[in-house]
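1. Starting from these lines, generate the structure:
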Amino acid sequence: MKKIRIGHKSTQRQQRWFVGLMVILFFPCFFYLKLDLNQFKDGLHQIPHIANMMMQMSFDQFPDLMDGLLTSLIIAFLTVVISVVISFFLAFVIATNTAPVPLLAKIIRAIIVIIRTIPVTIWVLLAVASIGFGSMAGVLGLIFPTVAFLTRVFSDQIDEAGKDIIEAVKAVGGGWWNLVFNGVTPQLMTAFLASIAFNFEITVAETVILGIVGAGGIGVLLQEYISFYDFKPLTLGILIVFITLFLLEMTTNLIRLRLSGRGHK
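-> Alright, predicted model coming up:
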């Protein structure tokens with residue numbers, strides 16, 4: 001009985017090339033970083049000791065940690081609110097269905113691509129270098145990548161909305177502002193809100209991490225505990241961050257389900 005080949009020859013060849021390239025690059029990369037296996041083994045021996053120290057939580061710093069967590073949440077909230085306002089209008093300016101000036105749309109799209117290629121950490125470090133450590137640097141540093149992300153998402157959703165509603169608004173003599181507020185926005189409001197909820201979840205996590213580099217919030221406290229090997233409050237801080245992000249993810253998932261209509265029986 002003749003066997004039937006399921007896989008595509010070209011695809012299988014590309015897969016073999018990919019795996020082979022990864023294997024070939026692994027060893028020069030390993031030696032370039034000068035990874036020390038002895039250091040790795042020594043680190044493994046320290047794991048039980050570190051784990052034992054981190055099991056001893058202290059609630060003495062609980063008020064400070066909660067204050068830092070509140071600061072991180074506020075930084076994320078302000079960042080998202082400001083970014084939504086900016087992104088909302090930029091999305092309609094660059095979306096192919098609603099762009100009033102095609103040349104301007106291309107320029108803004110190019111700027112957004114540049115912003116998105118720069119890591120979030122770099123933006124926060126630039127903000128810290130410009131205005132110093134603190135919450136203001138966190139908000140300013142996060143606005144650029146958040147605006148770029150939301151603008152890209154909103155514009156894609158506008159493009160996917162199709163031209164029917166746009167042609168209907170234009171047919172009755174509606175201008176660009178009518179097109180935005182009375183035509184496309186009501187149709188896409190649910191999708192916009194779901195994207196905003198998802199982005200808020202991401203921004204909170206970024207705020208916690210970027211606090212370590214001076215963006216304010218609970219990340220600053222965690223960095224201090226790590227620097228001084230103060231594991232008792234560090235463990236509590238990690239637990240607080242974990243619970244917060246877990247509850248936030250559950251909440252945003254529920255919001256997205258409700259908005260999409262799948263949360264109703």
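
2. Next secondary structure after the lowest-mean-pLDDT helix or strand in the chain?
-> Least confident helix or strand of the chain, by mean pLDDT, DSSP states H and E, is helix 164-171 with a mean of 71. Following helix 164-171 in sequence order, the next helix or strand is helix 176-178 (DSSP states H and E).

3. any idea how far Leu35 is from the residue nearest in space to the middle of the chain?
-> Centroid-nearest residue in the chain, with CA atoms, centre = their mean: Ile202, separated by 4.1 Å. Using CB to CB, to the nearest Å, one obtains 31 Å as the distance from Ile202 to Leu35. (C-beta placed from N, C-alpha, C; glycine too.)

4. Count the residues that sit near Gly134.
-> 17 (other CB atoms under 10 Å).

5. so how far is stretch 204-216 off the chain centroid?
-> 12 Å (CA atoms, centre = their mean, to the nearest Å).

6. Pull the residues that contact that stretch.
-> 68, 71-73, 75-76, 79, 120-121, 124-125, 127-128, 133-138, 141-142, 217-223, 241, 244-245, 248 (CB atoms under 8 Å, 6 or more residues apart in numbering).

7. distance between the ends of it?
-> Using CA to CA, to the nearest Å, the span of stretch 204-216 from its first residue to its last is 12 Å.

8. The helix or strand hosting Ile112: what's the following helix or strand?
-> Ile112 is part of helix 102-117 when elements are defined by DSSP H and E. Next helix or strand after helix 102-117 toward the C-terminus (DSSP H and E): helix 120-131.

9. buried set for that following helix?
-> Val120, Thr121, Trp123, Val124, Leu125, Ala127, Val128 (16 or more other CB atoms under 10 Å).

10. ditto for stretch 132-146
-> So for stretch 132-146, counting by 16+ other CB under 10 Å, buried means 133-146.

11. and these, which of them are in helices?
-> Of the buried residues of stretch 132-146, the ones assigned to helices by DSSP state H are Ser135, Met136, Ala137, Gly138, Val139, Leu140, Gly141, Leu142, Ile143, Phe144, Pro145, Thr146.

12. Look up how far Phe77 lies from the fifth one.
-> Yep, that's Val139 we're talking about. For Val139 relative to Phe77 (CB to CB), the value is 10 Å.

13. Next: the third one.
-> Distance of Ala137 to Phe77, computed by CB to CB: 16 Å.

14. Save the buried residues of stretch 132-146 as a markdown table, and put in distance to Arg256 and pLDDT too.
-> Formatted as a markdown table, those follow (distance: CB to CB, whole Å; pLDDT from 0 to 100):
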| residue | distance to Arg256 | pLDDT |
| --- | --- | --- |
| Phe133 | 35 | 84 |
| Gly134 | 33 | 83 |
| Ser135 | 28 | 86 |
| Met136 | 31 | 89 |
| Ala137 | 31 | 88 |
| Gly138 | 26 | 88 |
| Val139 | 25 | 90 |
| Leu140 | 28 | 90 |
| Gly141 | 27 | 90 |
| Leu142 | 22 | 92 |
| Ile143 | 23 | 94 |
| Phe144 | 25 | 93 |
| Pro145 | 21 | 93 |
| Thr146 | 18 | 95 |
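
15. for these, which one is nearest Phe27?
-> Using CB to CB, Pro145 is the member of the buried residues of stretch 132-146 that lies nearest Phe27, at 34.7 Å.

16. so how many other residues sit close to the closest residue to Leu150 other than its chain neighbours?
-> The shortest distance from Leu150 to any non-neighbouring residue, by CB to CB, 6 or more residues apart in numbering, is to Ser87 (3.6 Å). Close neighbours of Ser87, defined as other CB under 10 Å, add up to 26.

17. Tell me the one among the ones in helices among the buried residues of stretch 132-146 nearest to Ile50.
-> The closest of these, once distances to Ile50 are taken by CB to CB, is Gly138, at 29.1 Å.
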